[in-house]
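Peer 1: curious how this folds, go ahead:
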Amino acid sequence: MALTLGRSFDRNYKMRLSFLDGYYNIGIFFNKRSTFLLFKVDPDFSKVTNQKHGVKINMFKNLESSKFCETFINLHNFKKSTLDIINQFENIKSEYYHEISFLLNETLTLSKTEIGDKILYDTLTIYGFTLNSFMSEFIFILAERQNIDNKLNKKMVRTSGIQIATSSAIDLLNEFHEDNRTSGNEGRGSQVPIKGTIKLI
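Peer 2: Sure, this is the predicted structure:
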């Protein structure tokens, strides 16, 4: 997928993850002085002939608009004078331990800053998940930026997500999401309109 980047981005982190009989190359573009980031997704099915994938890719700037996060993930929000956190990954909900698995959990430390007697780290942390029933057909990546704003003496934490899934995996996700809603668990987080989803394909 073509993506033109301006001067706002000066860092790039790349991953190559298997999917069906091929791969997706996923790039995370960001700036060392900001929490803003973008994903770039390139499929590699060069060794597969005449295969129809039926794959959908969605990017989430607001994780609360994601059915995957609403169903399976606890998100953390916190705000004070020196810390501003929105939708940070906290943990997998205990009732879904056997339904999803980690694909990856990696942290890149960009710099450290001393504010008073505290040492704060500027990082990019990447979490990858899959549905156990569709391990080769579902990927959900969370990219968390922790950035130190030296002017405000504040740590800013923002997280974005990207989902790559076949139609069959999405159907199962929708079933889990509906079961979660009817069981009365949907009220744990604020409800955000689906317009927070950016459809890439």
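Peer 1: for stretch 113-130, list every residue counted as buried.
Peer 2: Buried residues in stretch 113-130, counting neighbours by 16 or more other Cβ atoms under 10 Å, are found at Leu120, Asp122, Thr123, Leu124, Thr125, Ile126, Tyr127, Gly128, Phe129, Thr130. (C-beta placed from N, C-alpha, C; glycine too.)
Peer 1: now swap in stretch 22-33 and tell me
Peer 2: For stretch 22-33, burial by neighbour count (16+ other Cβ under 10 Å) applies to Tyr23, Tyr24, Ile26, Ile28, Phe29, Phe30.
Peer 1: list of residues touching the lengthiest strand in the chain?
Peer 2: As assigned by DSSP state E, the longest strand anywhere in the chain is strand 100-115. With Cβ atoms under 8 Å, 6 or more residues apart in numbering as the test, strand 100-115 has contacts from 11, 13, 15, 17, 32, 72, 82, 92, 119-132, 135, 139, 148, 150, 153.
Peer 1: and after it, which helix or strand comes next?
Peer 2: Counting by DSSP states H and E, the next helix or strand C-terminal to strand 100-115 is strand 118-131.
Peer 1: now do that following strand against strand 100-115, angle only.
Peer 2: Interaxial angle, strand 118-131 versus strand 100-115 (axes from the mean of the first three to the mean of the last three Cα atoms, to 10 degrees): 170 degrees.
Peer 1: ok so, going back, narrow the buried residues of stretch 22-33 to those in strands?
Peer 2: Filtering those for strands - DSSP E - leaves Tyr23, Tyr24, Ile26, Ile28, Phe29, Phe30.
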